[in-house]
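Undergrad: Here is a sequence together with a model predicted from it:
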Amino acid sequence: MNHESVNPVPIKHRFFTPGVIVLVIIALNGLVFLMGRFFFGLGAVTNLNNQYPWGLWIGVDVAAGVALAAGGFTTAALGHVMHREEYHAVIRPALLTAMLGYTFVAFGVFVDIGRWYFIWHPLIMWNGNSALFEVGICVMIYMTVLYIEFLPIFTERFIGKVNLPGLLSALNKPADKILRFLDRGLSKTMFIFIIAGVVLSTLHQSSLGTLMVIAGPKMHPLWQTPVLPLLFLLSAVSVGFPMVIFESLIASRSLKLRPEMHVLSRLGSMIAPLLGIYLAFKIGDMVIRETFVYLGELNTASVMFTIEILFGVIIPLRMFLSPKVLKSPPLLFTASALVVFGVLLNRINNFVVAYTPPYSAESYFPSFGEISVTVGFVAMLVLAYRFVVLNFPVISLPGKQTAQPTKYSIRGVEK
Amino acid sequence: MSGKSRRDFLKKTAIIGAGVTGLSASPAKAAPKNILSADRMGVLVDTTVCVGCRNCEWACKDAHDLPAGELFSYEDRKPMEFRRRPDHTALTVVNEYSRGKNSNLPVDVKVQCMHCDQPACVSACIVGAFSKQENGAVIWDTDMCIGCRYCLAACPFQIPAFEYDKALDPLIMKCDFCFDRTKNGKLPACVAICPVEALTYGPRSELIKVARNRIKRNPDRYVDHILGEHEVGGTSWLYLSSKEFKELEFPDLGNNPAPGVSESIQHGIFAYFVPPVSLYALLGGIMWIAKRRKELKEEEHV
């Protein structure tokens, strides 16, 4: 088998830099407000009320978090299902982002629900009519799948290198045996989890769009449409690769690595068609429901909608069509960041801006506490990502060729 | 590649498929019950009769163990100067609007849960804690609630409230149609205390007849509309008014049940798990073909 240049290694770099210390401070600030939420209730930290039951935490931490973790399933579909091995270099970083992303989505849900100690209830109390139930169950299963998909990276790191301290060192051998057993079992069954991951993702990415359909006329007609689930799925699919490019370029900059431009450019060339399909459905829906009339009014909704479509879809779509953009790291980064921004804004618009309940006294704007927690979660995620890539074989160094076996190929069909 | 391992692959795929399909029977069974009994009860609110004494607010709090204060304190007209909404301290409130047609008196409107026939909260609740009861009440099981507040987002009348100020055990609060009283044959607390009989409790079908009759006999007094007869698929609470309901700040909702669209999307995506299982099979097929093609190419090179 040809393994090309895929050679994931733990990156050698120090953990703390001035930027990292800033992130730590932001994370700690978030934790302070989180303590307030758990000791004094949601009302003490958030601006949520009976009129606006969902705010920044559901819109960004949960909805946008799930969407921006879509790189995990889109690269898995490309690299493993379609078996395009040239993309294997980006699969592990995308998988790590997805795994950490969903972990923080789970944290987001945990802090937002009022009775957090009953978060396990949906596992045994089922309501098949509820879109939220479907999202919850799919996210829980998918998160498990992501951790299973990550396990080979864990075993690869520790097989033959188990070195427990002190008295625990007696367990070194059994631990190594367990790891080897896991590795063998996983390589034979991994394709089951990979396909399941893709199916689960398409399900809950779209169901996340169904969530707000039941709010009916409480949602601004620019966003409220029965095709919301399709729009959510298409936007998630089109933000997958931009997110991978976005974080890959940030990581290589921060860790002083050469950007993997040969892979990223090729990934970038696939974004324009995906964005185009999304834009076509979005515009088509607007034309069919004749909601473009609302763009004539000048208000928050029409401005936010225009920003979302123009800067989040149309401009990056045009950029990704240009070969010059695909070859230049700064331009590729800008275009990808715009798509990421567009989908983030779309989720905020759907869950926060579009939600205009009939009896609201004043409109909702997130409190300092809510923003602190959200930003804190992002900082924690970045720190966790940094820790993992410095300690586990996630990022591939270009050029070096070794005989590392490619994980996650269909090992069930060996020669 | 040998034929055996190819069979293995297909077998494994089939087992997963079967496993996923096996799950499908349960959620349908576990969906919350939504009983639409033909003789479900309702309340007819005649806003042309209501004098805004707010005794119902007191009785409601009293019946639900909420701090109610003294009954005479409700004679204070101060709260009527601004619009209020039901919340966790008051499951029903009375708002006052300017006078209606052919009358010099202000219009008073009691607000509480409408107890929809097709409730959005029952459909939305992630754990299925809400249920529509045989006597018309939409109630919920507090012990199941996880506090996600999706019912607040879903409710077309914007009724459920949440205790945001409690760190532990915050509750969802709304009118429960005095379920503990009505299931034992008693009247809802607000209906029992109303001194002017603005509230009539009875079988919903009878109440609609009563309401039609009143409109017919006094066409000058009422607008020709029973709010709740058809709105969002019908509600247990029905309103008569001397003014357009829009002027009384009732939301303009149309007659389709609130959970209709989302439930058909939801059931369309799942449809006995056929779409997800087909997708799984399709992806499995693509994966196998892609892998096989790659191997054939490599064999040629060798």
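TA: Alright, I've got the coordinates. Numbers count the residues shown, from 1 in each chain, chains lettered A, B, ... in the order given.
Undergrad: and A:G101, how many neighbours?
TA: Neighbours of A:G101 under the rule other C-beta atoms under 10 Å in any protein chain shown: 24. For every residue, glycine as well, the C-beta is placed using N, CA and C.
Undergrad: One more: A:N29?
TA: When counting by other C-beta under 10 Å, one arrives at 17 neighbours for A:N29.
Undergrad: mind checking the SS state of whichever residue of the stretch 1-150 of chain B sits closest to chain A?
TA: Of all residues in the stretch 1-150 of chain B, B:G147 sits closest to chain A, at 2.5 Å by C-beta to the nearest C-beta. What DSSP: H, G, I helix; E, B strand; the rest coil gives for B:G147 is coil.
Undergrad: and it, how many neighbours?
TA: Taking other C-beta under 10 Å as the criterion, the count of residues near B:G147 is 21.
Undergrad: Tell me which stretches of chain A form strands.
TA: Counting by DSSP state E, chain A forms no strands at all.
Undergrad: quick one: low-confidence ranges for it?
TA: Along chain A, the parts satisfying pLDDT under 70 run over A:1-6, A:398-415.
Undergrad: Residue of it closest to chain B, please.
TA: Evaluated by C-beta to the nearest C-beta, chain A has A:G114 as its residue closest to chain B, separated by 2.5 Å.
Undergrad: so does the one helix or strand B:C151 maps to get close to chain A?
TA: Counting by DSSP states H and E, the element that carries B:C151 is helix B:150-154. Yes: using C-beta under 8 Å from any C-beta of the partner chain, helix B:150-154 reaches chain A at B:150, B:152-154.
Undergrad: what does that helix contact?
TA: Contacts with helix B:150-154, where a contact means C-beta atoms under 8 Å, 6 or more residues apart in numbering or on different chains, come from A:50, A:53-54, A:130, A:132, A:211-212, A:214-215, A:218, A:355, B:120-121, B:123-126, B:130, B:140, B:158, B:160-162, B:172, B:258-259.
Undergrad: Show me how far stretch B:123-139 is from its chain's centre.
TA: Averaged C-alpha coordinates place stretch B:123-139 at 7 Å from its chain's average position (C-alpha atoms, centre = their mean, to the nearest Å).
Undergrad: ok, A:R184 - how many residues close by?
TA: Neighbour count of A:R184, defined by other C-beta under 10 Å: 12.
Undergrad: now B:V122
TA: A total of 26 residues lie near B:V122 under the criterion other C-beta under 10 Å.
Undergrad: Excluding chain neighbours, what is closest to it?
TA: B:F130 (4.3 Å; C-beta to C-beta, 6 or more residues apart in numbering or on different chains).
Undergrad: Need phi/psi at that neighbour.
TA: Backbone geometry at B:F130, expressed as degrees, to the nearest 10, gives phi -80, psi 150.
Undergrad: ok, and what's touching stretch A:357-369?
TA: Residues outside stretch A:357-369 that contact it (C-beta under 8 Å, 6+ apart): A:33, A:36-37, A:44-49, A:51-52, A:55-56, A:218, A:352, A:355-356, A:374, B:83, B:85, B:158, B:249, B:251.
Undergrad: Quick one: end-to-end length of that stretch, please.
TA: Taking C-alpha to C-alpha, to the nearest Å as the measure, stretch A:357-369 stretches 23 Å from start to finish.
Undergrad: Only the buried residues of it, if you could.
TA: By neighbour count, and taking 16 or more other C-beta atoms under 10 Å in any protein chain shown as the criterion, the buried residues in stretch A:357-369 are A:357, A:360, A:364, A:366-367, A:369.
Undergrad: so can I have JSON lines of the residues you listed showing distance to A:V198?
TA: Below are the buried residues of stretch A:357-369 laid out as JSON lines (distance: C-beta to C-beta, whole Å):
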{"residue": "A:P357", "distance to A:V198": "36"}
{"residue": "A:S360", "distance to A:V198": "40"}
{"residue": "A:Y364", "distance to A:V198": "35"}
{"residue": "A:P366", "distance to A:V198": "33"}
{"residue": "A:S367", "distance to A:V198": "38"}
{"residue": "A:G369", "distance to A:V198": "37"}
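Undergrad: The stretch 251-400 of chain A against chain B: which residues are in contact?
TA: Among all residues of the stretch 251-400 of chain A, those adjacent to chain B (criterion: C-beta under 8 Å from any C-beta) are A:355, A:357-359.
Undergrad: coming back round to it: so after the helix holding B:C151, what's the next helix or strand?
TA: Using DSSP H and E, the helix or strand that directly follows helix B:150-154 along the chain is strand B:161-162.
Undergrad: mind exporting the helix holding B:C151 as PDB, just the C-alpha atoms?
TA: Once non-C-alpha atoms are left out, helix B:150-154 reads as follows in PDB (Å, rounded to 0.1, in the frame of the first residue of the first chain):
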ATOM      1  CA  TYR B 150     -37.800  24.000  24.500                       C
ATOM      2  CA  CYS B 151     -41.500  24.100  25.500                       C
ATOM      3  CA  LEU B 152     -41.100  27.900  26.000                       C
ATOM      4  CA  ALA B 153     -39.700  28.300  22.600                       C
ATOM      5  CA  ALA B 154     -42.400  26.100  21.000                       C
END
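Undergrad: which residues does A:W116 contact?
TA: Taking C-beta under 8 Å, 6+ apart, we find A:W116 in contact with A:110, B:146-147.
Undergrad: hmm, back to that, rounded mean pLDDT for the helix holding B:C151, please.
TA: When the per-residue pLDDT values of helix B:150-154 are averaged, the result is 95.
Undergrad: Likewise for stretch B:237-253?
TA: Per-residue pLDDT over stretch B:237-253 has a mean of 91.
Undergrad: about what we covered before: surely the residue of the stretch 1-150 of chain B closest to chain A meets B:F162?
TA: Yes: contact status for B:G147 versus B:F162: in contact at 7.1 Å, counting by C-beta atoms under 8 Å.
Undergrad: I'd like to know how many residues surround the spatially closest residue to A:A63 that is not a sequence neighbour.
TA: With sequence-adjacent residues excluded and distances taken as C-beta to C-beta, 6+ apart, A:A63 is closest to A:R347, at 4.1 Å. Neighbourhood size, A:R347 [other C-beta under 10 Å]: 26.
Undergrad: for A:R347, what are its contacts?
TA: Contacts for A:R347 were tallied using C-beta under 8 Å, 6+ apart; they are A:59-60, A:63-64, A:67.
Undergrad: thinking again about what came up before, how close does the residue of the stretch 1-150 of chain B closest to chain A sit to A:E85?
TA: When distances are taken as C-beta to C-beta, to the nearest Å, B:G147 and A:E85 turn out to be 46 Å apart.
Undergrad: Same check on A:G136?
TA: The gap separating A:G136 from A:E85 is 35 Å, by C-beta to C-beta.
Undergrad: Who has more neighbours out of those two?
TA: A:G136 (23 against 19).
Undergrad: isn't that one right next to B:C125, touching?
TA: No: because the distance of 11.6 Å does not satisfy C-beta under 8 Å, A:G136 is recorded as not touching B:C125.
Undergrad: Just the buried ones among the contacts of stretch A:357-369, please.
TA: Among the contacts of stretch A:357-369, those classed as buried by neighbour count (16+ other C-beta under 10 Å) are A:33, A:36-37, A:44-49, A:51-52, A:55-56, A:218, A:352, A:355-356, A:374, B:85, B:158, B:251.
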